[in-house]
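Enquirer: missing the sequence, but the structure's below:
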């Protein structure tokens with residue numbers, strides 16, 4: 001013991017000296033430790049959950065950012081390829097961006113325009129009130145639409161239809177202006193030509209060149225002015241012997257007889273007679289026809305009794321030709337001279353219906369110029385335009401009378417071939433494909449590289465009514481042609497599923 005070795009005094013009690021023989025365990029420290037451990041685990045779990053949510057939010061934000069980037073890229077491509085000019089300026093109207101169409105219209109490159117103000121286009125011909133109205137609208141935060149008479153870099157005057165709007169930030173404050181402008185010079189020229197034409201016709205009418213005539217309810221002429229000889233080549237006496245069927249082409253005679261029937265019905269029922277005004281085609285003595293505008297009113301005597309019809313016929317051939325020219329302009333692609341996409345959408349369903357009704361085949365081909373982007377990138381857009389025109393001219397020369405060639409979009413062309421089987425269409429298209437490879441298109445450097453086309457062709461199915469489905473099959477065949485190495489033809493029946 002400790003006492004035996006003189007480390008403790010004799011008779012020293014060892015009870016409780018080194019340990020308690022009957023210990024009472026103190027659990028409070030255990031409880032506290034466990035509580036602290038649980039708290040630490042809860043904190044760690046909370047932090048982990050918080051990190052998990054943050055990661056989720058970051059992932060969602062990243063996904064949204066990527067989607068926004070994709071949409072922004074789409075918007076950028078759309079603006080760059082837009083057929084209208086797009087200009088963005090700061091609040092001091094200093095140009096910060098112009099799209100390629102702006103350069104095509106004005107002649108100023110982006111480098112020449114950026115940093116300058118739009119007054120570089122000012123011709124001095126736009127009325128000052130136009131600019132005043134524009135700034136009133138923009139300063140109020142509203143958009144403005146109107147027309148400018150501007151001047152290109154080369155000095156040519158041109159007309160623009162513009163829509164200008166302020167661009168605002170999240171606080172609603174304007175930071176920029178954006179202008180979308182359409183070159184309407186050609187339309188203005190046609191409108192002016194039409195105005196001059198109509199004014200000329202009014203002057204002619206004032207000088208009694210219109211044909212004045214009267215008719216009874218039996219549809220027989222009772223008077224014809226001598227000016228009819230200038231209009232149709234017939235003398236007044238000859239026309240007096242003509243019936244409505246003889247004085248008008250069949251379709252116009254049907255229109256006139258319907259109008260006459262309405263007048264007769266009104267007379268018989270005692271109702272006021274409606275005026276008639278319509279465009280009618282009349283045969284001439286030399287075998288040609290002339291388009292006229294006829295205005296017909298009722299004649300009454302002093303007693304208010306109906307005495308007959310009074311008509312004035314005016315030559316509108318030139319106006320009709322102008323209208324046809326306007327329609328032609330509306331349905332033609334200005335670069336290639338081919339019909340445009342709108343005309344295709346209007347015509348293909350009609351042709352599909354006609355061929356189905358007559359039991360005739362119908363084929364549709366989609367053509368795409370191979371590696372067209374290289375022509376633009378390596379030789380400039382003028383060279384690319386020259387290639388498109390050359391191929392389009394060749395396509396026009398290769399068409400049959402009933403075929404329809406359209407510019408579908410970009411470098412993609414469409415040919416509608418009524419009464420042509422898939423086999424016959426393939427033979428003709430193969431000749432076209434070979435002819436394209438032989439085209440020689442000059443450029444500033446001398447001559448452009450060889451041109452090739454990929455072609456997909458499809459034929460209408462029995463009882464097919466959807467033009468879009470037919471186009472989709474031709475387009476799918478076109479993609480197969482490209483996948484097979486380009487410069488070839490694939491028909492929809494041999495295309496891979």
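Expert: Right, received. Where do you want to start? Given the structure is predicted, the values throughout are model-derived calculations rather than measurements.
Enquirer: for the nearest residue to residue 164 once chain neighbours are set aside, give its distance to residue 86.
Expert: Distances taken as Cβ to Cβ, 6 or more residues apart in numbering put residue 179 closest to residue 164, at 4.5 Å, once the chain neighbours are dropped. In this view, the C-beta of every residue, glycine as well, is placed from N, C-alpha and C. Per Cβ to Cβ, to the nearest Å, residue 179 is found 7 Å from residue 86.
Enquirer: next one: residue 445
Expert: 31 Å.
Enquirer: which one's more surrounded, these two?
Expert: Using other Cβ atoms under 10 Å, the more surrounded residue of residue 445 and residue 86 is residue 86, with 18 against 10.
Enquirer: pretty sure the more buried one contacts residue 178?
Expert: Yes. Taking Cβ atoms under 8 Å as the definition, residue 86 is a contact partner of residue 178 at 7.1 Å.
Enquirer: and the residue nearest to residue 164, how many neighbours?
Expert: 24.
Enquirer: partners of the helix or strand containing it, with directions?
Expert: Residue 179 is part of strand 174-183 when elements are defined by DSSP states H and E. Counting by DSSP bridges, the strands paired with strand 174-183 are strand 85-90 (antiparallel), strand 157-168 (antiparallel).
Enquirer: go through those strands and pick out the most buried.
Expert: Each of the strands paired with strand 174-183 was scored by mean neighbour count; the highest is strand 85-90, a mean of 19, by mean count of other Cβ atoms under 10 Å.
Enquirer: after that strand comes which helix or strand?
Expert: Following strand 85-90 in sequence order, the next helix or strand is strand 95-98 (DSSP H and E).
Enquirer: and that next one, how far out from the chain's middle?
Expert: Relative to the chain's own centre, strand 95-98 is displaced by 24 Å; criterion: Cα atoms, centre = their mean, to the nearest Å.
Enquirer: who does it pair up with?
Expert: strand 85-90 (antiparallel).
Enquirer: contacting residues around the partner strand?
Expert: Strand 85-90 has contacts (Cβ atoms under 8 Å, 6 or more residues apart in numbering) with 79, 95-99, 101-102, 105-106, 113, 117-118, 160, 167, 175-183.
Enquirer: just the buried members of those residues?
Expert: Listed as buried from these are 79, 95, 98-99, 101-102, 105-106, 113, 118, 160, 176-183; burial here means 16 or more other Cβ atoms under 10 Å.
Enquirer: would you mind measuring from residue 187 to residue 195?
Expert: For residue 187 relative to residue 195 (Cβ to Cβ), the value is 12 Å.
Enquirer: do residue 469 as well
Expert: 45 Å.
Enquirer: higher neighbour count, those two?
Expert: Neighbours were counted for residue 469 and for residue 195 using other Cβ under 10 Å; residue 469 has more, 13 against 10.
Enquirer: okay, that one and residue 404: tell me how far apart.
Expert: Distance, residue 469 to residue 404, using Cβ to Cβ: 18 Å.
Enquirer: likewise for residue 187?
Expert: Relative to residue 404, and taking Cβ to Cβ, residue 187 is found at 25 Å.
Enquirer: more crowded one of these two?
Expert: Neighbours per residue, other Cβ under 10 Å: of residue 187 and residue 404, the larger number sits with residue 404, 18 against 15.
Enquirer: tell me, how many residues neighbour the nearest residue to that one once chain neighbours are set aside?
Expert: Closest residue in space to residue 404, ignoring its immediate chain neighbours: residue 416 at 4.2 Å, by Cβ to Cβ, 6+ apart. Residues lying near residue 416 (other Cβ under 10 Å) number 26.
Enquirer: which residues touch residue 416?
Expert: Residue 416 neighbours (Cβ under 8 Å, 6+ apart): 344, 347-348, 351, 362, 364, 403-406.
Enquirer: can you lay out the residues you listed as JSON lines showing secondary structure?
Expert: Formatted as JSON lines, those follow (DSSP: H, G, I helix; E, B strand; the rest coil):
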{"residue": "344", "secondary structure": "helix"}
{"residue": "347", "secondary structure": "helix"}
{"residue": "348", "secondary structure": "helix"}
{"residue": "351", "secondary structure": "helix"}
{"residue": "362", "secondary structure": "strand"}
{"residue": "364", "secondary structure": "strand"}
{"residue": "403", "secondary structure": "coil"}
{"residue": "404", "secondary structure": "strand"}
{"residue": "405", "secondary structure": "strand"}
{"residue": "406", "secondary structure": "strand"}
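Enquirer: which of these are buried?
Expert: 344, 347-348, 351, 362, 364, 403-406.
Enquirer: from these, pick the one nearest residue 393.
Expert: residue 405 (10.4 Å; Cβ to Cβ).
Enquirer: got the contact list for the closest one?
Expert: Counting by Cβ under 8 Å, 6+ apart, residue 405 has contacts 338-339, 392, 395-396, 399, 413-416.
Enquirer: and it, what's its pLDDT?
Expert: What the model reports for residue 405 is a pLDDT of 93.
Enquirer: surely residue 493 is in contact with residue 425?
Expert: No. Between residue 493 and residue 425 there is no contact under Cβ under 8 Å: 11.8 Å.
Enquirer: of the two, who's got more company?
Expert: Between residue 493 and residue 425, counted using other Cβ under 10 Å, residue 425 has the larger neighbour count: 24 against 11.
Enquirer: for that one, phi and psi?
Expert: phi -60, psi -40 (degrees, to the nearest 10).
Enquirer: for residue 351, see how far away it is.
Expert: Between residue 425 and residue 351 the computed distance is 14 Å (Cβ to Cβ).
Enquirer: kindly report the same for residue 100.
Expert: Per Cβ to Cβ, residue 100 is found 35 Å from residue 351.
Enquirer: can you check residue 135 too?
Expert: 51 Å.
Enquirer: relative to residue 309, how far out is residue 244?
Expert: Distance from residue 244 to residue 309, by Cβ to Cβ: 11 Å.
Enquirer: neighbour count winner among these two?
Expert: Taking other Cβ under 10 Å, residue 244 and residue 309 do not tie; residue 309 has more neighbours (22 against 17).
Enquirer: now that one. Nearest residue, chain neighbours left out?
Expert: Counting by Cβ to Cβ, 6+ apart, the residue nearest residue 309 is residue 215, at 4.5 Å.
Enquirer: how many other residues sit next to that neighbour?
Expert: Other residues within reach of residue 215 by the criterion other Cβ under 10 Å amount to 22.
Enquirer: one step back: next, format the buried ones among the contacts of residue 416 as CSV and append distance to residue 47.
Expert: Below are these laid out as CSV (distance: Cβ to Cβ, whole Å):
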residue, distance to residue 47
344, 63
347, 68
348, 65
351, 70
362, 70
364, 64
403, 73
404, 70
405, 69
406, 65
